[in-house]
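In: Sequence first, then the predicted structure, then my questions.
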Amino acid sequence: MKVKFYAPSYKRPEKSITQKNYPFVKLVVRESDAEEYLKNGNDIVVCPDSAQGNVSRVKNWMLDNLYDEDTECIIFMDDDCSGIFRWDKHKKIKLLSDELLEFGEHGAILCNDWGFKLWGLNAVSDKRNWREGCPFMTLSFVGSPFHGHMRGSQIRYDEELSLKEDYDITLQHIKQYKGALRINWICYDVKQGISGSGQSGGCASYRNNTKEGEQFKRLQQKWGSKVIRKDTTSKRSVDWNPMMNVPLKGV
C-alpha cells in the first residue's frame with residue numbers, strides 16, 4: 001500500500017526537526033514563504049497563501065490536492081516532531097526512517113482492513129499511559145501530530161476549529177465509520193507551543209488561553225457536554241485537553 005507523509009509548516013523556515021529525523025516527510029508551506037524554506041534546506045510542497053494561517057484549512061487543502069492515483073493513505077505529521085517511538089517491554093525506542101515508512105504502510109493496511117478512514121498514535125509519550133493490555137483503540141482521541149487519512153473519505157477538518165480540530169475530526173470519523181484506529185504502542189513526541197512561549201510559527205502564532213477557551217466552547221457546543229467535557233483533574237486555568245466520551249460500546 002502506497003503511503004505518503006506530509007507536515008504543514010507555517011512561519012518556521014528553519015530546518016524542520018521532523019525532516020531531520022525523517023527526510024521523506026515533505027513540508028507543506030505557503031507560496032510566499034517557499035524561498036525562505038528552501039534556503040534552509042527543507043523539502044517542500046507549495047500551497048496557496050490563502051490555504052495557510054489556519055491548520056484546518058491547510059489540511060483540507062492537503063486532502064484535496066496531495067493524493068495521486070497510486071496513493072492509498074496520506075499521513076500528516078507536525079513539523080516539530082522529535083521522533084516516533086514504540087514501546088517494547090516498557091522501553092521507549094525511537095523508530096528509524098525505514099521503520100517509520102514500514103510502520104506507515106502496516107498502519108494503513110490495518111486501518112483499511114478494519115473499515116476505518118482515520119488512524120493515528122498514542123497522544124501521550126509517558127509510559128504510565130501505555131496500555132499494554134490494549135494495543136489498539138477505536139473510540140478514543142486521535143491527536144493531530146500524526147493523522148493517517150485513507151483514500152476515499154469525504155470528511156474534512158472543521159475550519160471553525162483551528163485548535164481542537166483533531167478532537168472534532170476524530171468524532172466525525174467515529175460517527176461516520178463507527179471508529180477511528182489508534183495504535184497505543186506507538187507514540188509521538190512534539191512541542192505544543194503557545195503564543196509567547198518562545199516557539200515561533202505554527203499554531204503557537206495564535207494559541208493562547210483565551211483562544212483555547214473559545215475553541216473548547218465551540219467544540220462542546222458542536223458535540224454536546226456529555227461527549228466533550230472538562231478534565232477536572234487539570235491544573236490549568238483553561239482546559240486544553242478536554243475529555244472525550246463516545247456513547248458507543250468499545251475501546
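Out: Cool, got the structure. Residues are numbered from 1 along each chain as shown.
In: So what would you say the end-to-end distance of stretch 153-166 is?
Out: 16 Å (C-alpha to C-alpha, to the nearest Å).
In: Run through who's touching that stretch.
Out: Identification of contacts with stretch 153-166 by C-beta atoms under 8 Å, 6 or more residues apart in numbering yields 54-57, 59-60, 63, 117-118, 141-144, 147, 167-169, 172-173, 176, 203, 206-207, 211-212, 215-216, 218-219, 222, 242. All C-beta atoms are positioned from the backbone trio N, CA, C, and that covers glycine.
In: Check which residues of that stretch are buried.
Out: Going by neighbour count (16 or more other C-beta atoms under 10 Å), the buried part of stretch 153-166 is 153, 155-158, 161-166.
In: mind listing the strands for the stretch 151-251 of the chain?
Out: Applying DSSP state E, counting those that start in this stretch to the stretch 151-251 of the chain gives strands spanning 181-190, 228-229, 243-244.
In: In contact with the closest residue to residue 227 other than its chain neighbours, which residues?
Out: Among residues not flanking residue 227 along the chain, residue 245 sits closest, at 5.7 Å (C-beta to C-beta, 6 or more residues apart in numbering). Applying C-beta under 8 Å, 6+ apart to residue 245 gives the contacts 226-229.
In: Over to residue 134?
Out: Residues in contact with residue 134, defined by C-beta under 8 Å, 6+ apart, are 184, 251.
In: what's the answer for residue 108, then?
Out: By C-beta under 8 Å, 6+ apart, residue 108 lies in contact with 1, 3, 72-73, 75, 119, 148, 150.
In: For residue 132, give me phi and psi.
Out: Backbone dihedrals for residue 132, given as degrees, to the nearest 10, come out at phi -60, psi -40.
In: How much space separates it from residue 161?
Out: 33 Å (C-beta to C-beta, to the nearest Å).
In: Also residue 135?
Out: 29 Å.
In: hmm, what's the outermost residue in the protein?
Out: For the chain, the largest distance from the centre (C-alpha atoms, centre = their mean) belongs to residue 39, which lies 26.6 Å off.
In: and residue 212, how many neighbours?
Out: Around residue 212 there are 19 other residues, counting by other C-beta atoms under 10 Å.
In: Right, I'll leave it there.
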